[in-house]
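> model the structure of this input:
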Amino acid sequence: MGKLGYLATKADQLNEELIDADLRELRFAARRLASHAFVMGSGLGFGTTFLKFLASVAAIYLLILDRTNWRTNMLTCLLVPYIFLSLPSVLFSLFRGVVGKWIAFITVVLRLFFPRHFPDWLEMPGSLILVLVVSPGFLAHTIRDGLLGVIICLAIGCYLLQQHIRASGGFRNSFTKTNGISNSIGIILILVYPVWRLVVHLY
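Sure, this is the predicted structure:
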């Protein structure tokens, strides 16, 4: 009878330990769920989407700015991979689909058969469309949506910033000259998105 009571006590203790372990796991899962819900459903998720859109617009603005009379010494061809990596998913899917294929086809035809009538300022946008259309799925989805894509965007932004400051003749000139201010603001905007994404990822 004593042995049966001992076994019953041990079984009760084991059951209590299992229940406690299950409750701990549930509490941990609830905390993680709340954290992810906060990131996805609150200002962090919205902020990431908004900053991604803003960064793409800023990169396109810098690209256009460099193709006009406000030419700079920056390596603006780096903006093509930046736009590829930061373009919002809706626009990326649109240009990667039938619409992008038609634009790429027309661009190639114009470049091949009417080179004299193909303006220089269309070369970078044309290259961007071609990259969007022909990029492999690994680059278009795995790299673009992952942490590596964010790090590449950050590296491009930092490189363009230091190049712009050097071309302007110093940090002060980059924020006082007329064309320097516009370029500086654009580069800062393309830096904000990857920095924010890294902060959210670490959170």
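> need the contact list for F175.
181, 184 (CB atoms under 8 Å, 6 or more residues apart in numbering). Heads up, the C-betas are built off the backbone N, CA and C, glycines and all.
> where's the spatially most central residue of the chain relative to W102, distance?
Central residue of the chain (CA atoms, centre = their mean): S86, 3.9 Å from the mean position. Using CB to CB, to the nearest Å, we find S86 at a distance of 23 Å from W102.
> what does P119 give?
P119 is 19 Å from W102, by CB to CB.
> show me this structure divided up by domain.
1-41, 43-202 (automatic domain parsing).
> next, give phi and psi for G170.
Torsion angles at G170 (phi, psi; degrees, to the nearest 10) stand at phi 130, psi 160.
> let me fix that: P119
phi -70, psi 150.
> the one 4 residues further on now?
E123 has phi and psi values of phi -70, psi -50 when expressed as degrees, to the nearest 10.
> stretch 98-109: which residues count as buried?
Neighbour-count burial for stretch 98-109, counted by 16 or more other CB atoms under 10 Å, picks out 100, 103-104, 107.
> so which of the residues you listed is the closest to V199?
Closest approach to V199 among those (CB to CB): G100, at 31.7 Å.
> and the closest one, what element?
helix 98-113 (DSSP states H and E).
> now do that helix: which elements does it pack against?
helix 123-134 (3 or more CB pairs under 8 Å, 6 or more residues apart in numbering; DSSP states H and E).
> helix or strand right after the helix it packs on?
helix 137.
> show me what that following helix is packed against.
For helix 137, there are no packing partners by 3+ CB pairs under 8 Å, 6+ apart, so no helix or strand.
> I'd like the next helix or strand past that helix.
Going down the chain from helix 137, the next helix or strand is helix 144-145, by DSSP H and E.
> and for S135, the neighbour number?
16 (other CB atoms under 10 Å).
> phi, psi for it please.
phi -60, psi 140.
> what's the weakest-modelled helix or strand in this protein?
Lowest on mean pLDDT, DSSP states H and E among the helices and strands of the chain sits helix 2-41, with a mean of 56.
> could you dump stretch 50-63 to PDB, C-alpha only?
This file holds the C-alpha atoms of stretch 50-63, laid out as PDB (Å, rounded to 0.1, in the frame of the first residue of the first chain):
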ATOM      1  CA  PHE A  50       6.400  53.200 -46.100                       C
ATOM      2  CA  LEU A  51      10.200  53.600 -45.800                       C
ATOM      3  CA  LYS A  52      10.800  51.000 -48.500                       C
ATOM      4  CA  PHE A  53       8.500  52.900 -50.800                       C
ATOM      5  CA  LEU A  54      10.200  56.200 -49.900                       C
ATOM      6  CA  ALA A  55      13.600  54.800 -50.500                       C
ATOM      7  CA  SER A  56      12.700  53.500 -53.900                       C
ATOM      8  CA  VAL A  57      11.300  57.000 -54.800                       C
ATOM      9  CA  ALA A  58      14.400  58.600 -53.500                       C
ATOM     10  CA  ALA A  59      16.700  56.300 -55.500                       C
ATOM     11  CA  ILE A  60      14.600  56.900 -58.700                       C
ATOM     12  CA  TYR A  61      14.800  60.700 -58.000                       C
ATOM     13  CA  LEU A  62      18.600  60.500 -57.700                       C
ATOM     14  CA  LEU A  63      18.800  58.500 -60.900                       C
END
